[in-house]
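Asks: Pasting the sequence and the predicted coordinates here, then a few questions.
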Amino acid sequence: MTQILLVRHGETKWNVKEVFRGQIDIELNETGMKQAELLAEYLSSIKIDAIYSSALKRALATAEKIASFHKLNVVTAPGLMDLDFGEWQGLPHQEVRNRYKELYTQWISHPERVKTPGGENLDVVKTRAMGMVDQIITKYDGSIVLVSHRIVNKVLICALLGLDNSHFWNIEQSTCGLTIFNHKNGRFVLTRHNDISYLRPLSGTVLSDF
């Protein structure tokens, strides 16, 4: 059996300000680093066989905190790279909503149909992320951590549950949230979703899923 521990990176200043990140390389903020430390401590008692991460700093820093407890090197994986939001990257949520009204409305109602100007669509993310998962379940019999991004994790969770990308908004992903799937006999089984129980020592407002 292969166990996949799917992790969203910790908080960044652009999560707090609701700015579209995509493939812009934003670092974790102070809260994000503390979140990553708490998650790493939470996972310290689990035998982890490998840790893969998006190469973007916010994901890599989260992965390295987890790796520090297991004497593992983090492997960067192109398959876990965030969606390229094109012209939306670096823009505040409200500005995108106002400037790209029709496309933004479609993004909220039918995300599976949207390709942002100069960017990618969710199917591109699905292809590269599922390619990564397929490699992992062939290579490992154990627990593997994948540290990635909100968009990637939502798409992966839908795919592993046999759902298409029209269900994207039915999945919530908090910063540093943990989702676990077991793969056995050709089937992915969801055993835990968006667990943030280990973040209780941090006081403060829980951010929206952005």
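Replies: Nice, thanks for sending it over.
Asks: Just list the residues touching the closest residue to Leu83 other than its chain neighbours, thanks.
Replies: Spatial nearest neighbour of Leu83, excluding adjacent residues (CB to CB, 6 or more residues apart in numbering): Ile151 at 4.2 Å. Every residue, glycine included, has its C-beta placed from N, CA and C. Ile151 makes contact with Asp82, Leu83, Leu122, Val125, according to CB atoms under 8 Å, 6 or more residues apart in numbering.
Asks: what would these look like in TSV with distance to Leu91 and secondary structure?
Replies: Below are the contacts of Ile151 laid out as TSV (distance: CB to CB, whole Å; DSSP: H, G, I helix; E, B strand; the rest coil):
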residue	distance to Leu91	secondary structure
Asp82	15	coil
Leu83	14	coil
Leu122	19	helix
Val125	19	helix
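Asks: List the contacts of the closest residue to His167 other than its chain neighbours.
Replies: Spatial nearest neighbour of His167, chain neighbours left out: Cys158 (5.1 Å); criterion: CB to CB, 6+ apart. Shown in contact with Cys158 (CB under 8 Å, 6+ apart): Asp164, Asn165, His167, Phe168, Asn170, Ile171.
Asks: before we move on, what about Gln135?
Replies: Gln135 is in contact with Gly79, counting by CB under 8 Å, 6+ apart.
Asks: Check Asn153 too.
Replies: Asn153 makes contact with Leu6, Arg8, Ile171, Gln173, Gly177, Thr179 under the criterion CB under 8 Å, 6+ apart.
Asks: Can you show me the CA trace of the particular helix or strand that has it in it as PDB?
Replies: In this assignment (DSSP states H and E), Asn153 forms part of helix 150-160. This file holds the C-alpha atoms of helix 150-160, laid out as PDB (Å, rounded to 0.1, in the frame of the first residue of the first chain):
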ATOM      1  CA  ARG A 150      -4.200  25.100  -3.300                       C
ATOM      2  CA  ILE A 151      -5.000  24.700  -7.000                       C
ATOM      3  CA  VAL A 152      -2.800  21.600  -7.500                       C
ATOM      4  CA  ASN A 153      -4.200  19.900  -4.300                       C
ATOM      5  CA  LYS A 154      -7.800  20.600  -5.200                       C
ATOM      6  CA  VAL A 155      -7.300  19.200  -8.700                       C
ATOM      7  CA  LEU A 156      -5.500  16.100  -7.400                       C
ATOM      8  CA  ILE A 157      -8.100  15.400  -4.800                       C
ATOM      9  CA  CYS A 158     -10.900  15.600  -7.400                       C
ATOM     10  CA  ALA A 159      -8.900  13.300  -9.700                       C
ATOM     11  CA  LEU A 160      -8.100  10.700  -7.000                       C
END
